[in-house]
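Engineer: What follows is a predicted protein model with its sequence.
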Amino acid sequence: MEEEAKLRVLLRAFLACGLVAIPAAPLLDAVAAPPLGITVSKAWMRYLLPNIPAGGYMVLQNSGTGDAVLTGAASTACGMLMLHQSQDTSGMAMMMDTPAVTVPAHGSVEFAPGGYHLMCMQPVMKIGTTAAVTLNFQDGSSLAVTMPVYGPAGPP
Ligand SMILES: [Cu+2]
C-alpha cells in the first residue's frame, strides 16, 4: 500500500532524526472567532496504528473575498498535529512540513493522500469514532472540524 509505505518512510525519518520525544499538544484556543467564509467538507482521518502517524484529509472552501491562510492545527487526539505536504520526487515519496496553506478567495484547497495532509503524531483514536480538530488561521481565527476516523482503506 503506497500511503502506508510513505508513512513508514516518514516514521523512519523521525526515528533517524531522534525526534522521538514530542512536546505535548498546544492548548486549544477556545475563544477564537471562526474565519469568515471558510467551510470544510469531506473531512476524515486515516488511522493505522498508535505508533504510526495518522493522516487528516479534507476540502477547505473559501467563499470570502480575501485569501485565508491556514497556519496550523491542533487536536487532543494527537500528540502533535502538523501541516504536511507529500511530494513524489523522482519516484521517492517525501513528506515535508509546510508552514502555511493558502485557501484563495472564491477557491478551495484539497487535503488528500499524496498531497497536503494533516499529520497526527502519536494518534489516540479509534476507527469508527471521530477526532476533534481545530484549524488555526493567520488572522487569529480558528475552526473546529470533526473528522470521522477510518482505517487504511479510507472512507467507503
Ligand atoms: Cu506527513
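Structural biologist: Ah, there it is.

Engineer: give me the beta-bridge partners of the closest residue in space to residue 154 that isn't next to it in sequence?
Structural biologist: Leaving aside its sequence neighbours, residue 154 sits nearest to residue 46 (C-beta to C-beta, 6 or more residues apart in numbering; 6.0 Å). Using the backbone N, CA and C atoms, a C-beta is placed for each residue, glycine as well. As for beta bridges, residue 46 partners with residue 55, residue 150 under DSSP bridges.

Engineer: switch to numbering from 28
Structural biologist: Shifting the count to begin at 28 puts that one at residue 73.

Engineer: Quick check, residue 73 in contact with residue 178.
Structural biologist: Yes - applying C-beta atoms under 8 Å, one finds residue 73 in contact with residue 178, separated by 7.4 Å.

Engineer: Which residue of the two possesses the greater neighbour count?
Structural biologist: residue 73 (26 against 11; other C-beta atoms under 10 Å).

Engineer: so what's the more buried one up against?
Structural biologist: 30, 81-84, 140, 177-179, 181 (C-beta atoms under 8 Å, 6 or more residues apart in numbering).

Engineer: pLDDT-wise, what's the bottom of those residues?
Structural biologist: Least confident of the contacts of residue 73 in the model: residue 30, at 59.

Engineer: Quick one: name the residues of the protein near the ion.
Structural biologist: With C-beta under 5 Å from the ion as the criterion, the chain meets the ion at residues 111, 122, 146.

Engineer: Quick check: phi and psi at the most centrally placed residue in the chain.
Structural biologist: What sits nearest the mean C-alpha location of the chain, by C-alpha atoms, centre = their mean, is residue 145, with 1.2 Å. The phi/psi pair for residue 145 (degrees, to the nearest 10) reads phi -90, psi 130.

Engineer: from memory it sits against residue 110, does it?
Structural biologist: Yes - when contacts are counted by C-beta under 8 Å, residue 145 is listed as touching residue 110 (6.7 Å).

Engineer: Perfect, that will be all.
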